[in-house]
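Asks: Sequence first, predicted model second:
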Amino acid sequence: MCIKLILVLSLFFSLVFVFFIFFIYKFYRKAFFDSVTNLYNQVYFREKTLKLLKKNTEKKYSLIATNIAHFRTIYGSYGPRLGNIILRYFAKCVSLIRKDALVARAKEDKFQILLSYKTKDEIIDFLEKLSVEVHKFHSDEMSTKLFIRCGVGLLDGKVGFYNMLSYVELARKEAIKHGIVYYFFNDEMAQKLHKEKEFSDLMEGALSKGEFKVYYQPKYDILTNQVIGAEALVRWASSKFGFLRPDEFIPIFEQNGFIVEIDFFVLEEVCKMLRKELDEGRKPKPVSVNQSRMHLSQPNYIERMQKILEKYNLPKGLVELELTETVHMDLRKACKTMIELKKLGYMLSIDDFGNGYSSFPILFNVPIDTLKIDKDFLYSVGNLKIKEVLLKMVVEMTKELKLNLICEGVERPEHVQFLLANNCRNAQGNFYSSPVSQEDYLKESYLKK
Ligand code: C2E
Ligand code: CA
Ligand code: CA
């Protein structure tokens, strides 16, 4: 009886123990491994990598971020079953080429690989082989061929592991952009990132310290040689970097969102100037300001724009907004916003007209005031006859639609002749004047020649 009891009890405890081990194992797998591919998950990958880097200081390691091109579309079209087969296939390819590579599935089709190497060529060789193997994937269900896109960084001590994790992502995006298999994170990218960080750290202080300046580039009537208005263009007189042109900082501000504040600053400066001129009894000419497409995603854009007009109480027609159409624009939303801006009393101008994006949907739906021909139209080489025909068509169209037309980037006497010959009467560009300070603009603007 006693032996029986002992046997039952030991069986019971053995079962409990087995369940306990099983449960621990399950928990361990879930905590550290990806259930689809059996690869490490990101948390465990990071932990393992840091240990390896610490332990094998004599070895050189590279970090690779990779993904399967168009995986989302494949997943969407062929479903999760095939999607998961592809993910497992990728994992098999890596281990086939380099057994010692540490691989993790980060998310979806994104993988991270830690690879030891002796020479850079060894990494390239690995990536090329991996690309070939992945490309070999075949399924009766799908005819699409698979491609990989990889961002590579060398963990050579210059950049820490955690920073490199995000840098290889940027390099991967470069590979996607160029449609190539791999892209190495390089010094140029590092410098760019450093600059972006420095600019982002300093921008708010710079705005409150008055380091941003509004310059004005006069617009001219070619026939009378008179100033008809101006475009306001921002400059950064930085105490740290010197005098900066917008091309150096606007793309960064577009990314970090600060462009919204810069645009409002420029608009306020312009309104202030116009108000002062009116108050002092002069007749200022219209000024245009650039508006980033980022405003379209701001919930309070229209309210802020309204408040500024009310604050300075300017007559209609003195401030024009230059808007550029881009591929990523939500056209319906853009048109709606533009109509509201127009109702508030702003004039509207389509900037960079003819630079490749079609502005026609905006033209159809929004009461635009001005078309501004992109400067590349003048600079592009090619068939002059076609250029002439195009310009004539645009001139005719704007006449028909009662729109103002201006060509920017007028640099040389030939440009002026070309515009004149084709009845485009208004011009802006360095031939007449480069952007100048407010003081210089006002002097020029009232000058009778
Ligand atoms: P954009 O709006 O197309 O402005 C015209 C640019 O062409 C200006 O460059 C101007 O200086 C330049 N330009 C004028 N005449 C000539 C010429 O004869 N030849 C050549 N090669 N260039 C000429 P800038 O001031 O460097 O501005 C560059 C771009 O930065 C602007 O292009 C605009 O997209 C952006 N930007 C400038 N200020 C602002 C701003 O306050 N807000 C926003 N959102 N963007 C701005
Ligand atoms: Ca512009
Ligand atoms: Ca332009």
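Replies: Okay, I see it. Ligands and ions are numbered 1, 2, ... in the order given.

Asks: quick one, domains of this structure?
Replies: Dividing the chain into domains by automatic domain parsing, as the record does, gives the ranges 35-185, 194-445.

Asks: Against ligand 3, how distant is His138?
Replies: Per C-beta to the ion, to the nearest Å, His138 is found 50 Å from ligand 3. For glycine as for every other residue, the C-beta is placed from the backbone atoms N, C-alpha and C.

Asks: ok, now Glu47?
Replies: 51 Å.

Asks: any idea which helix or strand carries the nearest residue to Met347 once chain neighbours are set aside?
Replies: Using C-beta to C-beta, 6 or more residues apart in numbering and skipping the chain neighbours, the partner closest in space to Met347 is Glu320 (3.9 Å). Glu320 is part of strand 319-323 when elements are defined by DSSP states H and E.

Asks: Show me what secondary structure element comes after that strand.
Replies: Proceeding N to C from strand 319-323, the next assigned helix or strand is helix 331-344, under DSSP H and E.

Asks: For that following helix, buried residues please.
Replies: For helix 331-344, burial by neighbour count (16 or more other C-beta atoms under 10 Å) applies to Ala334, Cys335, Thr337, Met338, Leu341, Lys342.

Asks: Near Glu280, how many other residues are there?
Replies: 8 (other C-beta atoms under 10 Å).

Asks: still on that earlier bit, so what angle separates the directions of the strand holding Glu320 and helix 331-344?
Replies: Strand 319-323 and helix 331-344 are oriented at 170 degrees to each other (axes from the mean of the first three to the mean of the last three C-alpha atoms, to 10 degrees).

Asks: Would you mind pulling the contact partners of strand 319-323?
Replies: Contact partners of strand 319-323, identified using C-beta atoms under 8 Å, 6 or more residues apart in numbering, comprise 229, 231, 267, 270-271, 274, 286-291, 293, 309, 334, 338, 341, 346-351, 369-370, 372.

Asks: Now narrow these to whatever sits close to ligand 2.
Replies: Filtering the contacts of strand 319-323 for proximity to ligand 2 by C-beta under 5 Å from the ion leaves Asn290, Asp351.

Asks: where do the strands sit along the stretch 51-200 of the chain?
Replies: 60-68, 102-107, 110-117, 148-154, 182-184 (DSSP state E, counting those that start in this stretch).

Asks: now, of those, which is deepest in the fold?
Replies: strand 148-154 (a mean of 25; mean count of other C-beta atoms under 10 Å).

Asks: So stretch 420-428, near ligand 2 or not?
Replies: No: with C-beta under 5 Å from the ion as the measure, stretch 420-428 is seen stopping short of ligand 2, the closest distance being 9.0 Å.
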